[in-house]
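Chemist: give me coordinates for this.
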Amino acid sequence: MNATLEPGQTWMVVRGPNVGAIVTVSVGPDGAWIFSGLNRGWPLELIPGEDELDVVPEPRGASFTALLAEFDAAYAQAAPLRHARLQAGLAAVELAPDFEQRGLTMPAEYGLLHEWRDGFELTEDGWLDEHEPDGWYEQIPLSDLGDTLLDHEAVLADLDMWSELREDFARRGRPCHFRRGFIPLLQIQSHGYVVVDTIGAFGGRPGQILQFDYKSSSDFYVLHESLGKWLETMVALLDAGVFFDRLGSAAQRVEWTINGPYCHRFRSIPIETPS
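Modeler: Numbers count the residues shown, from 1 in each chain. Presented below is the predicted three-dimensional model:
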C-alpha cells in the first residue's frame, strides 16, 4: 500500500486473486477495516497476504488529440507494417451528415479519430501476423485480437445492413445484438464488434464502448467509459510493451487499472436485456 488507510477512500486491488477490483474502505464496530466492493460485477472477498491494494490512479488527463499523437508515434514504432496500411484521414465536418441521415449524432471523438486515419486498407489476402509466426487474420488487425479499425465507408455500410437486419429480427421476435445508437469502431474477425454506444444502454453512459459477438448468443461486455478511455488504454498498453499480448495478465492489469473504476459495476449483459 502506498498511502495511509482512511475511511471513505477508494482503492484498487493491483495484485492477487481480486486484481482490478475497486474497493471502498470503512471501519467496522470493532475498529477493524472493512473493504467492500465488486470484482468484475461479483461480490468481493479480499484474501489477506495475497491481495495487494493501491490508490486508484489519477486519469491521464490528456486531450483526445494529444492521445492520438501519442498513439500514432508509439504504434508506428511498435507495428510499422500495420501503421503504414492505415488510410489517410477524412474531414470530420463531412462525416457528420452521414450519421444525421441515419438518425444518429456523430461523437466528436469519432470525427477526430477518422480525421487522424480512416481505418485500415482492405486486403484480399488476409494478414500474416508479424509478431506471431503462425498467426493469420482476415483483415489487418490493430492488435493481436483480430480487431480491425473500420473505415468510415465500412461503418456506414454496416449501419445500413444492421438497420435492415434489426427489422427482420423484430418480425421474427428475436433480439438483435446491434442496437439502435451503436456505431461500429472495430470489427473482430468477421464475428464480433467493438462499438460506440451513443445512447448509454444498460444503465451506462452515452459514449461507452461495448463488445459483442453477433454470430453467437453471447453477452454484451462494457469495455470502456468512452472513446477517450479506449484510446488512453491503447496508449498505456503500447507504453507498457504489452499491446500485442492483450490476453496476458500484464495487459489485463493495464486495461483494468484504467477502466475498472467505470466498468467494475457491469456484469456480462445477456442479449435479451432491453437497452
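Chemist: could you use CA atoms for every contact and neighbour count after this?
Modeler: OK.
Chemist: hey, where'd the strands end up in the stretch 1-150 of the chain?
Modeler: 10-15, 22-27, 33-39, 42-43, 52-55, 86-88, 117-120, 127-128, 136-137, 147-149 (DSSP state E, counting those that start in this stretch).
Chemist: and for the last one, what's in contact with it?
Modeler: Meaning strand 147-149. Residues from elsewhere that reach strand 147-149, judged by Cα atoms under 8 Å, 6 or more residues apart in numbering: 119, 120, 139, 140, 141, 142, 185, 186, 187, 188, 189.
Chemist: same list (the strands of the stretch 1-150 of the chain) but as CSV, adding distance to residue 231 and mean neighbour count.
Modeler: As requested, the strands of the stretch 1-150 of the chain are exported to CSV (distance: least, Cα to Cα, whole Å; neighbours: other Cα atoms under 10 Å):
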stretch, distance to residue 231, mean neighbour count
strand 10-15, 21, 21
strand 22-27, 22, 20
strand 33-39, 23, 18
strand 42-43, 27, 12
strand 52-55, 22, 18
strand 86-88, 16, 16
strand 117-120, 14, 22
strand 127-128, 23, 16
strand 136-137, 22, 18
strand 147-149, 12, 24
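Chemist: worst average pLDDT in the ones you listed?
Modeler: Among the strands of the stretch 1-150 of the chain, strand 42-43 carries the lowest mean pLDDT, at a mean of 62.
Chemist: on that earlier part again, nearest to residue 171, of the contacts of strand 147-149?
Modeler: residue 187 (26.2 Å; Cα to Cα).
Chemist: what are the boundaries of the helices in the stretch 1-150 of the chain?
Modeler: Remark: helices assigned in the stretch 1-150 of the chain by DSSP state H, counting those that start in this stretch are 64-78, 80-83, 92-100, 108-116.
Chemist: ok, and what's touching the first one?
Modeler: Read that as helix 64-78. By Cα under 8 Å, 6+ apart, the list of residues contacting helix 64-78 from outside reads 82-84, 109, 112-113, 116, 228, 231-232, 234-235, 238-239.
Chemist: from the chain's centre, how far out does the longest helix along the chain sit?
Modeler: Longest helix of the chain, by residue count under DSSP state H: helix 152-171. Computed by Cα atoms, centre = their mean, to the nearest Å, the chain-centroid distance of helix 152-171 equals 22 Å.
Chemist: what angle do whichever helix or strand comes after that helix and helix 92-100 make?
Modeler: Next in sequence after helix 152-171, counting helices and strands by DSSP states H and E, comes strand 182-188. Interaxial angle, strand 182-188 versus helix 92-100 (axes from the mean of the first three to the mean of the last three Cα atoms, to 10 degrees): 110 degrees.
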